[in-house]
Structures are given as C-alpha cells and as structure tokens.
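Chemist: Below is the sequence, then the predicted model.
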Amino acid sequence: MPEQKNVRVRFAPSPTGGLHLGGVRTALFNYLFAKKHGGKFILRIEDTDQTRFVPGAEEYIFKTLAWCGIQPDESVQHGGDFAPYRQSERKASYAQYAEKLIAMGKAYYAFDTAEELEEKRKQIPNFQYSSATRLQLKNSLTLPADEVQKLLANGTPYVIRILLEPNEDIQFTDLIRGEVHFNTSTLDDKVLLKADGMPTYHLAVVVDDFAMQISHAFRGEEWLPSAPVHILLWKYLFGLEAMPQWAHLPLILKPDGNGKLSKRDGERLGFPVFAMDWTDPKTNETITGFKERGFLPQAFVNMLALLGWNDGTGTEIFSLPELCEKFSIERVTKSGAKFDYEKAKWFNAAYIQKTPAEILTIPIADAVAAAYPNATYSDFLKAINLVKDRCALLPEFIEQTAYLFAAPKKIEIATIQEKWTTEKNTFFEQWTDFLASTNAIDAANLETAFKTLAAENNLKIGEVMLPFRIMLVGGKFGIAVFDIASFIGVEETIARIRFTLQQLA
RNA sequence: GGAGCGUUGGUCAAGGGGUUAAGACACCUCCCUUUCACGGAGGAAUCACGGGUUCGAUUCCCGUACGCUCUACCA
C-alpha cells in the first residue's frame, strides 16, 4: 500500500455502557492496522450526548482494551499531542466550524423545536428536513435576517444544520467495499450543532479526525449511509485531500435469524456479548462478559480478528503480534457474520491447550481457593495439566478436577450393581490389599498391576475397569482411571473403593 | 416507503472466467480409548434466482428476490 501519510487511526466509542463484540473488534482492527503500518492508535471518547452519560463506562472501555492487550498510543489516559481526547472537552472547537459553514452558505440556523419536528414527522409520511421541506420550516433560510438576529440575540434555542444541495452525486472509495455512490437528494439536512452547543457525531468526527490528523477512518457499516454527509463536510471545511480513507466494517449478526447482535441476544441464547462484566449503574444489573465467562484474552482477540477477516491461507490461530503483522484491511469481508459461540469456545480451548498451567491458574485462583480450600498450588497445577484438553472455558477446570480433590458425593451405584458378582467383589478386595502394600503408585504401574490381577481372577479388564472408575469419580466420566488413582494416592483410592464396596454389600 | 450495503455447505469462510469449489466450527459415521474428551479417517454445496457477455460462468454486467443497516438536536 503506498501510504505516504503517517498512519493514525482512531477508535471512537461513546461511553454509554458495556463494550460489546463489535466495538472491541472495531478497536482491534484499528489497532492492528496501526501496528501493521507503524502508525498510532488513538482512543477518542465520543461523549457529545450528555443525556446518555453513563458513569463508569469510560473506565470500562479502558479496562476492556487493557485486558485485550490493545493499548492506545494516545488517549485521555495515555496522553498525546492532540489532547484533549474527550469530545466534551473539545466543545469550544466545534461551533466555529459550524459558523464557518453558515458563512459559506453550506449550513443554516434552524429554530424548529423538537415537538414541532415530531409533529411534522407524524403528519408527513416520510418527512425529511431537506431541500424539499426546509423552506416551510423555521430557519435562517425562511426567516428575515433581522428576525434571525433577534432570535439569536435573545437566546432562542437553535441548531445548525448542513445545507444539502439536491441531486448532487457523492462518491468515495471504501477500502473494503470499493466505490460507493450516493445522491444528496435522498439525504436530509443533518443537525451539525445541537441546541446545547455540542456537536452531533457528524460534525465532531470530521472536525476531530482533521484535528487529530487521522489517516484512516474505520467504523461499523451502520455509518455507511451518513458517510456522504461527512464527505461533504470534509470538502467544505478541510478539503478532500486531507480526508482520511474510509473503511466500513461488516456487522456482527445474531446467531439465529438475522440482524445486529445485541446484548439481549446473549442473554436469550446464553452467551456473553460484552468483553467484560458490565453492571448497569441504574439497574444494578450485571451482564456477563467473555472474561468472566472464562475466556483467555488472547483467544478472545484471536476469535474477534477472524470474525470478518482472514489471511487467505486457512490459518486461524494467530497471536496478537502475528495479527499485527498479517492484518490487512482489504482482506476484511464485506458481508456481516453471524456470531458462533461454539467457534468462540473452540478458539478458547485451543488457547487453553497451549497455555501453561501456571498462567491458567491465575484467573481462576480465587475460584479454586473457594472450591478446594485444601488443594495445594502444585497439586492444582498438576490437576490442570491432567484435565486441560477437556476444558474450553476456565471455570470448567473447577468442575473437571472436582473428583481429584474430593470424593464424589454421589456414586452411580446402579451401574455397578447390575453386573456385580462375588468374583468382582473378591477382585476389589485383593486390589485394595495390593494398593495398601505397594508404593509404586504411578499410573503405568497401577495399570499393569490392575490388569494382571484381573487376569488372575479370570475377569475381563472392562468388567472391572468401569466399576473402578465409578468408585473413584462417581460416574462414567473423567480422565484416565489410573491417572486419577495415582493423583489421589493409595489411601484415598482404597477409601473410595471401600466406600462403594460397603454400599454394594 | 426511500437510500445504501450484502447474498459460496447449518455457521465462519478461501477461491474468483475452465478447480474433484480449500480450510475451520458444529453435526453424523468409523478408528483410537473397554468412560468421556483429545487425536485420526470419512460424510454434506446444482456458489439466492433470472437474463445477458463469453467457446465456457460460482466468478464479469443487468435485473429480480431476500436480508441487513440507516432514514433522531443517539452514536
């Protein structure tokens, strides 16, 4: 890619709640692109809507990104030459551009109240504030100049709207979709500056992307329809040469049916949508995140990267550094992808396999301590390695190792009882005697001894193996039986056998 | 309603004028393991539909259908 400009990209979330999959992925793609091109990744807080302020949301965004390992180069927390990075703190800078547009004849004051517009929308089927209707509305285009001045002077609330010429073709190149065309006649005169003096997104992105020298602007596909407004703004204010290159990312869809994935879908279908737990400060309701559900951040990031991007080779497991090296915006898919939680778990399982037990233990340390207060650290490490390949989610380590740290509470006695014989009873008595006398308790030795003893008693291995398993773990599940016996030790093994034997008697 | 974008197996997807149309997840069968899982071997697509262009279209063009997004003083 011949890219002369310094690469500067930005992720610009609005702090209104938890960050979901799509948001994190947008951040990730921005980050990867920046790293790939030796550029800067900027985090800008888009908090221009004061009515939607949610305490804690901004902090949550930083924590989420940190967990994912995608650190901004510039942000309200990391500083940078283009501070402030919070749009509410840049409020003063927007009005001048709106005024400039008015002076240029590209924007105008509008005094219609929200109620009046609401009424219009009710009356007229497909009402749009545009060339077709603006001459019948209350604005500086229809009102005499002196009245406009009077309204402005006495503090009448107003907004500034862009003045769209009808029937103008707007065309631009999207890095993912190629040429995209729009006609201004289908657009409306978007509000640029709100009555409270804050800019809308439309003005703010353009002004800030210019101010922060953004070279590439990536955002969700939902922004595509308003892109022409942004392009016009660039053309009027800063010139098209300075405009960043656009890329509109495909949406992440719900697994069943169609439509954008929402947090409700997660609750409905039983999987996380937010990266980390998010507690709504108003309702105090907590929505589970991938982190708390037991995902490793590397797995989460890898999974996200492959949702809408691939390197073309079929490889699916990439570390963050590898992603930074391989990522290219052109290889991002055009169409939306249904989120597949099973696949997400597969990624996590893959990462669990390759992550050392010492690391896996960190995020589950508290849960382990609560579940098995007597388990030693080294025992748990050993246990993790034993059950590793059957865990897709971190909390599964607790369940999967349960019978290694405590005798099963319930024994599926019926399964043994059906085919129980005195021969088997004899066998297990001999087996406990052997265990009591041996000190070779590694799994391989135990297995050899067990098989030899079974043969001596004219019993098929399978006839006694399953009962033995059930005695140790309570049912037909778990890791290799002799690994279990070896892990829990002779005494405990004997105790568990005797316990079941008593019940069978 | 309008505009924009999209459409390859159940899902994610590679490929992109001539291919046996990769691979992964899930599912099914088998092997391994006398549990399960892991692992291994198999199994499934007339590339939305209809027209073109072409010697030849899943690939290019045009329509249609369907889906999604937007259509707020929200982002």
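Modeler: Received, thanks. Numbering: from 1, shown residues only, chains lettered A, B, ... in the order given.

Chemist: Which helix or strand contains whichever residue of chain A sits closest to RNA strand B?
Modeler: Going by CB to the nearest atom of the strand, RNA strand B is nearest to A:G462 of chain A, at 2.4 Å. To be clear about C-beta, it is placed using only N, CA and C from the backbone, and glycine gets the same treatment. Per DSSP states H and E, A:G462 falls inside helix A:461-473.

Chemist: For that helix, could you pull out the residues that count as buried?
Modeler: For helix A:461-473, a neighbour-count test (16 or more other CB atoms under 10 Å) marks A:E463, A:V464, A:M465, A:P467, A:F468, A:R469, A:I470, A:M471, A:L472, A:V473 as buried.

Chemist: Now tabulate those in CSV and tack on pLDDT.
Modeler: Below are the buried residues of helix A:461-473 laid out as CSV (pLDDT from 0 to 100):
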residue, pLDDT
A:E463, 90
A:V464, 94
A:M465, 95
A:P467, 95
A:F468, 96
A:R469, 96
A:I470, 95
A:M471, 96
A:L472, 96
A:V473, 95
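
Chemist: helices and strands around the longest helix seen in chain A, which ones?
Modeler: The longest helix of chain A (DSSP state H) is helix A:481-504. Packed against helix A:481-504 by the contact rule (3 or more CB pairs under 8 Å, 6 or more residues apart in numbering; DSSP states H and E) you find helix A:377-387, helix A:396-405, helix A:413-417, helix A:422-437, helix A:443-456, helix A:461-473.

Chemist: Check those helices for me: which has the lowest mean pLDDT.
Modeler: For the helices and strands packed on helix A:481-504, mean pLDDT drops lowest on helix A:413-417, to a mean of 90.

Chemist: who touches that helix?
Modeler: A:L466, A:P467, A:I470, A:M471, A:G475, A:K476, A:T500, A:Q503, A:L504 (CB atoms under 8 Å, 6 or more residues apart in numbering).

Chemist: Convert the C-alpha atoms of that helix to CSV, please.
Modeler: Extracted in CSV, the C-alpha atoms of helix A:413-417 (Å, rounded to 0.1, in the frame of the first residue of the first chain):
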residue,chain,number,x,y,z
ILE,A,413,-24.1,-47.4,42.2
ALA,A,414,-26.8,-48.8,40.0
THR,A,415,-24.5,-49.1,37.0
ILE,A,416,-22.1,-51.3,39.1
GLN,A,417,-24.8,-53.2,40.8
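
Chemist: what comes up buried for it?
Modeler: Quick answer for helix A:413-417 (16+ other CB under 10 Å): A:I413, A:I416.

Chemist: touching RNA strand B at all, that helix?
Modeler: No. Helix A:413-417 stays clear of RNA strand B (CB under 7 Å from any atom of the strand), getting no nearer than 10.1 Å.

Chemist: what about that helix, distance to the chain center?
Modeler: Offset of helix A:413-417 from its chain centre (CA atoms, centre = their mean, to the nearest Å): 46 Å.

Chemist: same deal with stretch A:374-390?
Modeler: With CA atoms, centre = their mean, you get 29 Å for stretch A:374-390.

Chemist: Surely A:V206 and A:Y236 touch.
Modeler: No. Between A:V206 and A:Y236 there is no contact under CB atoms under 8 Å: 9.4 Å.

Chemist: between the two, which one's more packed in?
Modeler: A:V206 (27 against 19; other CB atoms under 10 Å).

Chemist: can you tell me which residues contact the more buried one?
Modeler: Neighbours of A:V206 in contact, by CB under 8 Å, 6+ apart: A:H230, A:L233, A:W234, A:L237, A:F238.

Chemist: That one sits in which helix or strand?
Modeler: helix A:201-211.

Chemist: what do you get for A:A365?
Modeler: Judged by DSSP H and E, A:A365 forms part of helix A:357-371.

Chemist: what comes up buried for that helix?
Modeler: Buried residues in helix A:357-371 (16+ other CB under 10 Å): A:A357, A:L360, A:T361, A:P363, A:I364, A:V368, A:A371.

Chemist: Give me the domain ranges for chain A.
Modeler: Domain ranges of chain A: A:95-197, A:355-405, A:413-504, per automatic domain parsing.

Chemist: quick one: terminal-to-terminal distance for the first one?
Modeler: This points to domain A:95-197. Terminal residues of domain A:95-197 are spaced 7 Å apart (CA to CA, to the nearest Å).

Chemist: Please apply the same query to stretch A:276-285.
Modeler: By CA to CA, one end of stretch A:276-285 lies 14 Å from the other end.

Chemist: Near RNA strand B, which residues of the stretch 351-500 of chain A are found?
Modeler: A:389-390, A:460-463, A:465-466, A:469, A:476-481.

Chemist: Please repeat the previous calculation with a cut-off of 10 Å.
Modeler: For the stretch 351-500 of chain A, the residues in contact with RNA strand B (CB under 10 Å from any atom of the strand) are A:353, A:387-392, A:400, A:447, A:451, A:454-455, A:459-466, A:469-470, A:473, A:475-484.

Chemist: Type out the PyMOL command that picks the buried ones from the residues you listed.
Modeler: Command for PyMOL, covering only those of those found buried under the criterion 16+ other CB under 10 Å:
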select buried, chain A and resi 387+388+391+392+400+447+454+459+463+464+465+469+470+473+478+479+481+482+483+484
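
Chemist: coming back round to it: closest to A:L269 out of the buried residues of helix A:461-473?
Modeler: A:V473 (31.1 Å; CB to CB).

Chemist: Skipping its backbone neighbours, what lies nearest the closest one in space?
Modeler: A:Y403 (4.2 Å; CB to CB, 6 or more residues apart in numbering).

Chemist: In contact with the one you found, which residues are there?
Modeler: A:L472, A:V473, A:G474, A:G478, A:I484.

Chemist: pretty sure the first one is touching A:R496, no?
Modeler: Yes. Judged on CB under 8 Å, A:L472 makes contact with A:R496 at a distance of 5.4 Å.

Chemist: overlap in contacts of the two?
Modeler: A:P408, A:I488.

Chemist: Tell me which helix or strand A:S14 sits in.
Modeler: A:S14 belongs to no helix or strand, assigned by DSSP H and E.

Chemist: Give me the local confidence score for the spatially most central residue of chain A.
Modeler: What sits nearest the mean C-alpha location of chain A, by CA atoms, centre = their mean, is A:L21, with 3.1 Å. At A:L21, the model reports a pLDDT of 94.
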